[in-house]
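1. Turn this into a structure:
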Amino acid sequence: MQFPHTWPRSRLAHVGLIQPTRHDTVPRGGPQVAQESLAGCSAAACGTCDLPHAAEAADDLLTLYKSETTCRPSAAVLRGNTHCRLALSNLPDEVYEREWDLIMIDGPQGWFAEAPGRMSVIFSVAVVARKRRGPGSTHVFLHDVDRKVEKAFAEEFLCRKYLVNAVGRLWHFVIPSAVDVNDTDDASFC
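-> Next up is the predicted model:
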């Protein structure tokens, strides 16, 4: 399947990746870009959040998370987690409470050192996908995997073993619920 360079929600709905009757999220580069992405899908909702780290902090965050117990796969929670520097802890309750079918990571831009990076987004998406209460999987699409930060964090948290397809700069992961996985390694997501 060929994907366009930009990701308007109406185009994703057209190719069947997003269904307006389901609950999907498409993190993008700010309120205006998010609203433009959702144009044409009246059943969709959109919100924004502040991202705490610049892209230049990626290497330190990747090293530090391993020593913080609240970042470990079995203990990782997002809501209120102020100890794990990668956790997006102040999102709307709906984000934490839903079981997501599809999540597309295409923001923030993060293409220069001082820009907000996607590190917390990638980590938090991995946690949300694994925290499904019932069986099932979450499809995660990550754009711009040609960048060092996106690739490193995808391999650390979304896992190559869950990578099912790659088209250009877009990777598609199918992340199983922790209920469906028998991993005993609590030190690593992969």
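
2. worst-scoring helix or strand of this protein, pLDDT-wise?
-> helix 9-14 (a mean of 36; mean pLDDT, DSSP states H and E).

3. All the strands of the chain, residue numbers only.
-> 24-25, 102-105, 137-143, 163-167, 170-176 (DSSP state E).

4. Mean neighbour count, distance to Ala113 and mean pLDDT for these - can I get that in TSV?
-> For the C-beta atoms, the positions are set from N, CA and C on the backbone; glycine is no exception. Putting those into TSV (neighbours: other Cβ atoms under 10 Å; distance: least, Cβ to Cβ, whole Å; pLDDT from 0 to 100) gives the following:
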stretch	mean neighbour count	distance to Ala113	mean pLDDT
strand 24-25	22	27	46
strand 102-105	23	19	88
strand 137-143	21	19	93
strand 163-167	12	26	94
strand 170-176	20	23	94
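
5. ok, so what distance separates Cys71 from Asp106?
-> 24 Å (Cβ to Cβ, to the nearest Å).

6. what about the closest residue to Ala76 other than its chain neighbours, how many residues close to it?
-> Among residues not flanking Ala76 along the chain, Val127 sits closest, at 4.7 Å (Cβ to Cβ, 6 or more residues apart in numbering). Neighbour count for Val127, taken as other Cβ atoms under 10 Å: 23.

7. Identify the residues contacting the residue nearest the centre of the chain.
-> Centroid-nearest residue in the chain, with Cα atoms, centre = their mean: Val125, separated by 3.4 Å. The contact partners of Val125, taken as Cβ atoms under 8 Å, 6 or more residues apart in numbering, are 103, 105, 140, 157-158.

8. Looking at these, which is nearest Asn81?
-> Phe157 (14.9 Å; Cβ to Cβ).
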